[in-house]
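S.K.: Fold the stuff below for me.
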Amino acid sequence: MAKVLISLPDELLERLDGEAERRAETRSGFIREAVSRELGWPDERTIEAALERGRGALATLSLDSAAAIRTTRDELDERDRRR
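M.R.: I've put the predicted structure just below:
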């Protein structure tokens, strides 16, 4: 991960540090999240929530690969018999 050096007015730095402390985050973590939000990148919580929704959707599917292969094979066999 790259490191950067930025200049901030003292008052802004105090506000930043106060808010980071209130959220129990590091200064770097707070800035990283703020920049990601400003640039429109999803934050870690948004990504994790999307992954959970996907896992939930997959959990409801019946993914029996043997049955899928059997069905495809039977369909192809039936098609071949009609030729």
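
S.K.: can you tell me the helix or strand for the residue nearest the centre of the chain?
M.R.: The chain has residue 47 as the residue nearest its centroid, 2.3 Å off, counting by C-alpha atoms, centre = their mean. Using DSSP states H and E, residue 47 sits in helix 44-59.

S.K.: any idea which helix or strand comes after that helix?
M.R.: Following helix 44-59 in sequence, per DSSP H and E, is helix 65-81.

S.K.: quick one: buried residues of that next one?
M.R.: Within helix 65-81, no residue counts as buried by 16 or more other C-beta atoms under 10 Å. Heads up, the C-betas are built off the backbone N, CA and C, glycines and all.

S.K.: quick one on the thing from earlier: with only the CA atoms kept, save the helix holding residue 47 in CSV.
M.R.: Only the C-alpha atoms of helix 44-59 are listed here, as CSV (Å, rounded to 0.1, in the frame of the first residue of the first chain):
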residue,chain,number,x,y,z
GLU,A,44,-15.9,-2.6,2.7
ARG,A,45,-19.3,-2.8,4.4
THR,A,46,-21.1,-2.3,1.1
ILE,A,47,-19.0,-5.0,-0.6
GLU,A,48,-19.6,-7.4,2.3
ALA,A,49,-23.3,-6.8,2.2
ALA,A,50,-23.4,-7.5,-1.5
LEU,A,51,-21.5,-10.7,-1.0
GLU,A,52,-23.9,-11.8,1.7
ARG,A,53,-26.8,-11.1,-0.6
GLY,A,54,-25.1,-13.2,-3.3
ARG,A,55,-24.4,-16.0,-0.8
GLY,A,56,-28.0,-16.0,0.3
ALA,A,57,-29.3,-16.2,-3.2
LEU,A,58,-26.9,-19.1,-4.0
ALA,A,59,-28.0,-20.9,-0.9
